[in-house]
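[1] What follows is a protein structure lacking sequence information:
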């Protein structure tokens, strides 16, 4: 399954020319990923409070193909592309009027209350695997 998240570009998201400022695309994919996790009943707050676990960003890349502008409606598609023992690779595609404008790959790491990497529990792995259009490549 691919998670879909829609958003509108606000004035605060743009530069003086009305073009989305490049760093804000990271905010857009963060919002999309957060909504995907919440819809899967994996809220960060809930995991922290009940299990002492969080997912933290280890790395992120953006590939720009075309700009977005003030008041555009964007669609962000989110999938899980790979999971390791403590790591999740997320892929995001941002569309404007049906045209792919930005892709982003984000590596998340599951950490415990002390901030140390820890294995992703089996039930969370299973839930997150539903965010893949294909079967998720897992490495232990």
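    Looks like it came in fine. Note that this is a predicted model, so its numbers are computed, not measured.

[2] Going by C-alpha atoms from here, please, whenever you check contacts or count neighbours.
    Will do.

[3] Tell me the spacing between residue 106 and residue 63.
    Counting by C-alpha to C-alpha, to the nearest Å, the separation of residue 106 from residue 63 is 12 Å.

[4] what residues do those two have in common as contacts?
    Here residue 106 and residue 63 have no joint contacts, going by C-alpha atoms under 8 Å, 6 or more residues apart in numbering.

[5] Name the residue in those two with the higher neighbour count.
    Neighbour totals were compared for residue 106 and residue 63, and residue 106 leads with 22 against 11 (other C-alpha atoms under 10 Å).

[6] Show me what that one is bridged to.
    As for beta bridges, residue 106 partners with residue 60, residue 90 under DSSP bridges.

[7] Which residues are in contact with it?
    57-61, 89-91.

[8] same deal with residue 92?
    Here residue 92 is in contact with 29, 76-79, 103-105 (C-alpha under 8 Å, 6+ apart).

[9] which ones among these are found in strands?
    76-79, 103-105 (DSSP state E).

[10] of the residues you listed, buried ones?
    Burial by neighbour count, 16 or more other C-alpha atoms under 10 Å: within the ones in strands among the contacts of residue 92 this picks out 76-79, 103-105.

[11] Find the centremost residue of this structure, please.
    Among the residues of the chain, the one closest to the centroid is residue 33, at 3.3 Å (C-alpha atoms, centre = their mean).
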